[in-house]
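A.B. asks: This is the structure alone, sequence omitted:
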Ligand SMILES: C[S@@+](CC[C@H](N)C(=O)[O-])C[C@H]1O[C@@H](n2cnc3c(N)ncnc32)[C@H](O)[C@@H]1O
């Protein structure tokens, strides 16, 4: 059997190869998940070892992009963690109202469920029409699905309870149109949304934001890359702007803790401090 | 105190100091089993304990809270990147897989369910095997599905120690039995014996 050390070295080599050849930088991703994804990829290709896939990654673009898709864990849900959306309604929206216009960035939006969930909240709170929403991810396939906004009917029905717990004011089914086993989100919900490719590991900021959602993305980064991403967010946010992380992502464990105050601890909503 | 050692007379490594962590998995009937094992452990137990119990998606920390009432060890539902400390019990939060990094921190993931579960026991066990190899002690308890068997096998193949709750004593025998059937188990013990075994294994207070 291969020693763990050898395996770690091979993985370093693989990630370096992907970076040099395709420019996607996974060298600073959290290792445990990357290793797990590589194992799953190996199993799906029938290759026995990491060293076996390195030459194929170099030669075969299609093969490489399949591997890169394995590193994007585009798993998401409508109104995941309802308490977060409730907290946004109660604690963030009142302040968003005080700005004439508000810009919102979903970084790592995956297939878009989170974007539509927040759009519904903004609509019900009466500020959707003055929002501009940027929804970004490095996974273009996921972005295409986000743009299309078509989801399995079963999943949407399951989300009805979450919508209600999130403080939903209407009937959730008013927001989508069922077609057989799938349903399309109401097109007005994407009127104010710009979907676009953006890589937190290599791209820079693209505008001033009032609210940034980046949930369950930083868990896949190591500390260096987390700092890079949080640096982008901090640069983009206006003073008093909001940052919302995943419920198990704690800003207190990062270098940025002093630059934010806690708005809602459980919902992981933070507010950028006014710096002198 | 340090003892002098020469190359000719190598000392066997202290079994506890040699180990990095105990990983445990449970499903139906798991709560009782976990509490029976954790309650006799003394405060300052010398290894960290990582726990995956199959939870309802809306558990919201309830399982960890109840478990904390049955043991003298601090019980934590960790955040991502939290440092793993000796003598602490880490319970995987509902809706997240819990993995470990070689450097000794927790890594959480929201990727797809494994064996219809998130958290999944296999995910924790396999990541522990990858991070720490033979330095892992794995324990599989009562449950009505097959999660954990593959992870036990990986840990055994990496040279770690694997213990299953004796299925004849388990509220739901399917899960430990599945691991036994795959030849993934070193020791088959009752809950009481597992508790004693851990006290014995975790008794050494020497630092690494
Ligand atoms: C688990 S999903 C989170 C989806 C959603 N925010 C939620 O919480 O439900 C993680 C997403 O982060 C994206 N991601 C990972 N690394 C990224 C990077 N470097 N730049 C942009 N997006 C990234 C993945 O493609 C994936 O869609």
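C.D. replies: Looks like it came in fine. Note that this is a predicted model, so its numbers are computed, not measured.
A.B. asks: gap between the strand or helix carrying residue B:176 and the chain center?
C.D. replies: Following DSSP states H and E, one finds residue B:176 within helix B:174-181. The chain centre lies 16 Å from the centre of helix B:174-181; the measure is C-alpha atoms, centre = their mean, to the nearest Å.
A.B. asks: who does that helix touch, helix- and strand-wise?
C.D. replies: Counting contacts by 3 or more C-beta pairs under 8 Å, 6 or more residues apart in numbering or on different chains; DSSP states H and E, helix B:174-181 packs against strand B:136-140, helix B:149-157, strand B:161-165. C-beta here means a position set from N, CA and C on the backbone, and glycine is covered the same way.
A.B. asks: Give me every residue in chain B lying close to the ligand.
C.D. replies: Taking C-beta under 6 Å from any ligand atom as the measure of proximity, chain B contacts the ligand at residue B:110.
A.B. asks: By mean pLDDT, which helix or strand of chain B comes out lowest?
C.D. replies: helix B:15-18 (a mean of 63; mean pLDDT, DSSP states H and E).
A.B. asks: coming back round to it: looking only at pLDDT, what's the mean for the helix holding residue B:176?
C.D. replies: For helix B:174-181, the mean per-residue pLDDT is 98.
A.B. asks: what angle separates it from strand B:161-165?
C.D. replies: 140 degrees (axes from the mean of the first three to the mean of the last three C-alpha atoms, to 10 degrees).
A.B. asks: what's the closest non-adjacent residue to residue B:114?
C.D. replies: residue B:120 (3.8 Å; C-beta to C-beta, 6 or more residues apart in numbering or on different chains).
A.B. asks: Same check on residue A:173?
C.D. replies: residue A:160 (7.6 Å).
A.B. asks: hang on, the one you found is in a helix, isn't it?
C.D. replies: Yes: Residue A:160 forms part of a helix when assessed by DSSP: H, G, I helix; E, B strand; the rest coil.
A.B. asks: in chain B, which spans are strands?
C.D. replies: Remark: strands assigned in chain B by DSSP state E are B:21-26, B:49-53, B:75-76, B:89-91, B:97-100, B:106-109, B:136-140, B:161-165, B:187-189.
A.B. asks: between those, which gets nearest to residue B:175?
C.D. replies: Taking C-beta to C-beta, strand B:136-140 is the member of those nearest to residue B:175, at 6.2 Å.
A.B. asks: between the closest one and strand B:21-26, what angle do the directions make?
C.D. replies: 10 degrees.
A.B. asks: Strand B:136-140 pairs with which strands, and in what direction?
C.D. replies: strand B:21-26 (parallel), strand B:161-165 (parallel) (DSSP bridges).
A.B. asks: hey, which of those is tucked in deepest?
C.D. replies: strand B:21-26 (a mean of 28; mean count of other C-beta atoms under 10 Å in any protein chain shown).
A.B. asks: List the contacts of that one.
C.D. replies: Strand B:21-26 has contacts (C-beta atoms under 8 Å, 6 or more residues apart in numbering or on different chains) with B:33-34, B:37, B:47-54, B:84, B:100, B:121, B:124-125, B:128, B:132, B:135-143, B:147-148, B:151, B:155, B:175, B:198, B:202.
A.B. asks: need the residues of chain B near chain A, please.
C.D. replies: B:78-82, B:93, B:96, B:99-102, B:107-112, B:123, B:126-127, B:130-131, B:133, B:157-158 (C-beta under 8 Å from any C-beta of the partner chain).
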